[in-house]
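Colleague: here are the coordinates; sequence isn't available:
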């Protein structure tokens, strides 16, 4: 059984691609307003809201359970990619490495968002992170709906 893995899907969104990217890059503090069922809070622990390498702590709910994760953000403005690298918290109790990636690809109207989780399990008996992947998918859909309404 492989310890390393990757989950990936692509969804179509109606929001402006730059606005979708920017909410993760510059306005992460707004994400709990867009998706309160999944994200209850976020705060900066090192750096600031929009600097590559800053560390943020997220309070979120996955499958009805409250969890916390501290992550370091990586931004690629050219490809409109945000990578959230787990450094500590609940998810890191099961995974040696955990990266959530949002990549926005503009199209004529709206965009495509590729959602990826790259991970390495701590042990062979750890489940694939499907519950986190589903939460990530729901967050992306909620953020899209929030931006379209704005």
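Modeller: Ah, there it is. Remember, predicted model here, so these are calculated numbers, not experimental data. Numbers count the residues shown, from 1 in each chain.

Colleague: CA atoms for contacts and neighbours, from now on please.
Modeller: Noted.

Colleague: Residue 146: which element?
Modeller: Take DSSP states H and E as the rule and residue 146 turns out to sit in helix 130-149.

Colleague: Would you mind measuring from residue 94 to residue 31?
Modeller: 25 Å (Cα to Cα, to the nearest Å).

Colleague: try residue 101
Modeller: Taken as Cα to Cα, the span from residue 101 to residue 31 is 16 Å.

Colleague: Show me which positions of stretch 29-42 end up buried.
Modeller: Neighbour-count burial for stretch 29-42, counted by 16 or more other Cα atoms under 10 Å, picks out 29, 31-32, 34-35, 37-42.

Colleague: Farthest pair within the residues you listed?
Modeller: 29 and 37 (15.1 Å; Cα to Cα).

Colleague: Now do the same contact list for residue 111.
Modeller: By Cα atoms under 8 Å, 6 or more residues apart in numbering, the contact list for residue 111 reads 12-17, 104-105.

Colleague: Most neighbours out of those, which is it?
Modeller: Neighbour counts for the contacts of residue 111 peak at residue 104, which has 25 neighbours (criterion: other Cα atoms under 10 Å).

Colleague: quick one: contacts for it?
Modeller: With Cα under 8 Å, 6+ apart, residue 104 has these contacts: 17, 20-21, 79-81, 111-114.

Colleague: residue nearest the centroid of the chain?
Modeller: residue 100 (5.0 Å; Cα atoms, centre = their mean).

Colleague: right, and the helix or strand after the strand or helix carrying that residue?
Modeller: Element membership of residue 100, judged by DSSP H and E, is strand 95-106. Counting by DSSP H and E, the element after strand 95-106 in chain order, helix or strand, is strand 111-121.
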